[in-house]
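Visitor: based on what follows, work out the 3D shape:
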Amino acid sequence: QVQLVASGGGLVQPGDSLRLSCAASGRSFSGYTMAWFRQAPGKESEFVGGIRFIEGTSGFSDSVKGRFTISRDKSKSTILLQMNSLKPEDTAVYYCAAGQNWLSRDIDRYEYRGQGTQVTVSS
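Guide: As a prediction, the model looks like this:
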């Protein structure tokens, strides 16, 4: 059974940094894109960034490019999202997903989705 467990969320102030972690288990993720999505109240899910599990190629949405980075530890099947210069508009539930695609921004192309972790950016 595939599990994607996100952790690391919290309440921070604008300009702060936060690192989210996604622990993936239950299958080999060779050939998969591991991605982070977020959903704010009343809004649809939004692609944040993704990384190819084997190749390491990554991509980000325009709203976070230059502020967020993503990395993975293949030996631990862990995906990390480093978020810097956080803004109030980054407030959302962040969740990780895994799919057999090439850095797709469409949540429907991800076969596996985990539970989220709340990130709140407020002064």
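
Visitor: now do the contacts for the spatially closest residue to residue 84 that is not a sequence neighbour.
Guide: Nearest non-adjacent residue to residue 84, counting by Cβ to Cβ, 6 or more residues apart in numbering: residue 17, 4.7 Å away. C-beta: built from backbone N, CA, C; applies to glycine. By Cβ atoms under 8 Å, 6 or more residues apart in numbering, residue 17 lies in contact with 82-86.

Visitor: emit the PyMOL select command for whichever of the residues you listed are buried.
Guide: To isolate in PyMOL the members of those that are buried, counting by 16 or more other Cβ atoms under 10 Å, one can use:
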select buried, resi 83+86
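
Visitor: rebuild the contacts of residue 17 as a markdown table, extending it with secondary structure.
Guide: Formatted as a markdown table, the contacts of residue 17 follow (DSSP: H, G, I helix; E, B strand; the rest coil):
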| residue | secondary structure |
| --- | --- |
| 82 | strand |
| 83 | strand |
| 84 | coil |
| 85 | coil |
| 86 | coil |
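
Visitor: can you pull out the strands in this protein?
Guide: 3-7, 10-12, 18-25, 33-39, 46-52, 58-60, 68-73, 78-83, 92-99, 112-113, 117-121 (DSSP state E).

Visitor: these: which one's closest to residue 105?
Guide: Closest to residue 105 of these is strand 46-52 (Cβ to Cβ; 3.9 Å).

Visitor: give me the mean pLDDT for the closest one.
Guide: Averaged across strand 46-52, the pLDDT comes to 97.

Visitor: same for it, what does it pack against?
Guide: strand 33-39, strand 58-60, strand 68-73, strand 78-83 (3 or more Cβ pairs under 8 Å, 6 or more residues apart in numbering; DSSP states H and E).
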